[in-house]
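J.: Give me a model of this one.
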Amino acid sequence: MLALKLALVPGFLAALTIAGRVWGPSVAGWLAGLPVVAGPIVLLLALERGPVFALQASAASIAAIAASEAFNLAYAWTCRFMRWPFALIAGLAVWALVAVLLTHLPASLGWSLAAACGAVALAQAGLPRVDGVAPAARLGYLDLGSRMLAGALLTLAVTSLSASMGAAWSGVLSVFPLLAIVLAASAQRAHGADFVALLMRGMVIGRASFAAFFAVVALTLPTLGVLPAFACGALASVLVQGATKGMISMSGKPRAPAAALD
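T.: Take a look at the predicted model:
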């Protein structure tokens, strides 16, 4: 399973990078909402620790959307005035603060959904607004390879930590903003702050499919068992992702030619 994630996450990052180059940052952010990282982590925990642990971790994963949106807000605003290392520090500091608070929430699906919905509404209202388009610069293979390597290393670190934590922290860490960190830092360096803002606005819309995945998993685990519940969650996630496609604004589509890489 770990080998699968170490291959899946860098591959997904490469796909998101190309999507951002061809269709714009909003589409890349929207696609990043799919539970490609957190889903396999929680599935592995479910197989190792049982459905009760997985149910609690699934609820915590939904609540952790709030921490991810806190990271996005802090990063998106800081990167408009400072270079990416400082924006990353600000984003991670805010993420850690919100993550600690979330682990003290009651372990219920209702509280988790309330936290996630509140955070999504706040992010929708609070993220920087961009008029027009955010042109994408050309991207070299070295930069793409660096993104994929960073994704693999972060996946290894998060997986190792989550395996040794309780259900609440396992769920929260499974939603560590791994994709956002790699995409935002590299996008700021290559394309600028407006591109980052549009990327993160797309992520807000993509949260719906993520929440649907874990909500269905949490609701069906007690009766269906681990593998059928995760299969139902994956189906729900794909259906919700398709339903939100029309919400994506194509205003962030880059002016540059469609070629994705140099």
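
J.: tell me which strands and helices the host helix or strand of L173 is in contact with?
T.: In this assignment (DSSP states H and E), L173 forms part of helix 167-174. If you count contacts as 3 or more C-beta pairs under 8 Å, 6 or more residues apart in numbering; DSSP states H and E, helix 167-174 packs onto helix 38-49, helix 51-63, helix 84-102, helix 141-162. C-betas here are computed from N, CA, C, even on glycine.

J.: Give me the angle between it and helix 51-63.
T.: Between helix 167-174 and helix 51-63, the angle comes out at 50 degrees (axes from the mean of the first three to the mean of the last three C-alpha atoms, to 10 degrees).

J.: low-scoring stretches of the stretch 101-250 of the chain, by residue?
T.: By pLDDT under 70, the low-scoring segments of the stretch 101-250 of the chain are 131-165, 249-250.

J.: try 80 this time
T.: 107, 130-171, 173-175, 178-179, 182, 190-191, 246-250 (pLDDT under 80).

J.: Can you show me the helices along it?
T.: 109-126, 141-162, 167-174, 178-191, 193-224, 226-243 (DSSP state H, counting those that start in this stretch).

J.: Now render these as a markdown table, adding mean neighbour count and distance to F86.
T.: As requested, these are exported to a markdown table (neighbours: other C-beta atoms under 10 Å; distance: least, C-beta to C-beta, whole Å):
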| stretch | mean neighbour count | distance to F86 |
| --- | --- | --- |
| helix 109-126 | 17 | 19 |
| helix 141-162 | 17 | 18 |
| helix 167-174 | 24 | 24 |
| helix 178-191 | 23 | 11 |
| helix 193-224 | 24 | 12 |
| helix 226-243 | 17 | 33 |
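
J.: nearest to G91, of the ones you listed?
T.: helix 178-191 (7.6 Å; C-beta to C-beta).

J.: With adjacent residues omitted, what lies nearest to G225?
T.: P51 (6.7 Å; C-beta to C-beta, 6 or more residues apart in numbering).

J.: correct me, but that neighbour touches L224?
T.: No. Under the criterion of C-beta atoms under 8 Å, P51 makes no contact with L224, lying 9.2 Å away.

J.: what's the residue nearest to G225 in contact with, if anything?
T.: The neighbourhood of P51, defined by C-beta atoms under 8 Å, 6 or more residues apart in numbering, consists of L221, P222, G225, V226, A229.

J.: what two of those are the furthest from one another?
T.: P222 and V226 (10.9 Å).

J.: Tabulate the helices of the stretch 101-250 of the chain (TSV), appending distance to V36.
T.: Formatted as TSV, the helices of the stretch 101-250 of the chain follow (distance: least, C-beta to C-beta, whole Å):
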stretch	distance to V36
helix 109-126	18
helix 141-162	10
helix 167-174	11
helix 178-191	8
helix 193-224	10
helix 226-243	10
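
J.: Nearest to A57 among these would be which one?
T.: helix 167-174 (3.9 Å).

J.: From the structure, what's the count of residues near L92?
T.: 17 (other C-beta atoms under 10 Å).

J.: Can you tell me how far the closest residue to T220 other than its chain neighbours is from L105?
T.: Closest residue to T220 apart from its sequence neighbours, by C-beta to C-beta, 6+ apart: A229 at 4.2 Å. Per C-beta to C-beta, to the nearest Å, A229 is found 22 Å from L105.

J.: And for M203?
T.: 22 Å.

J.: repeat for A167
T.: Counting by C-beta to C-beta - A167 and L105 are separated by 12 Å.

J.: With L55 instead?
T.: Taking C-beta to C-beta, one finds L55 at 15 Å from L105.

J.: quick one, which of these two is more surrounded?
T.: L55 (24 against 16).

J.: Excluding chain neighbours, give the residue nearest to that one in space.
T.: L221 (4.9 Å).

J.: residues in contact with that neighbour?
T.: Contacts of L221 (C-beta under 8 Å, 6+ apart): A46, P51, A54, L55, S58, A229.

J.: Tell me the pLDDT of A3.
T.: You'll see A3 listed with a pLDDT of 62.

J.: do the same with the one 5 residues further on
T.: Listed pLDDT for L8 reads 64.

J.: cool, and the one 10 residues further on?
T.: At I18, the predicted lDDT confidence score is 72.
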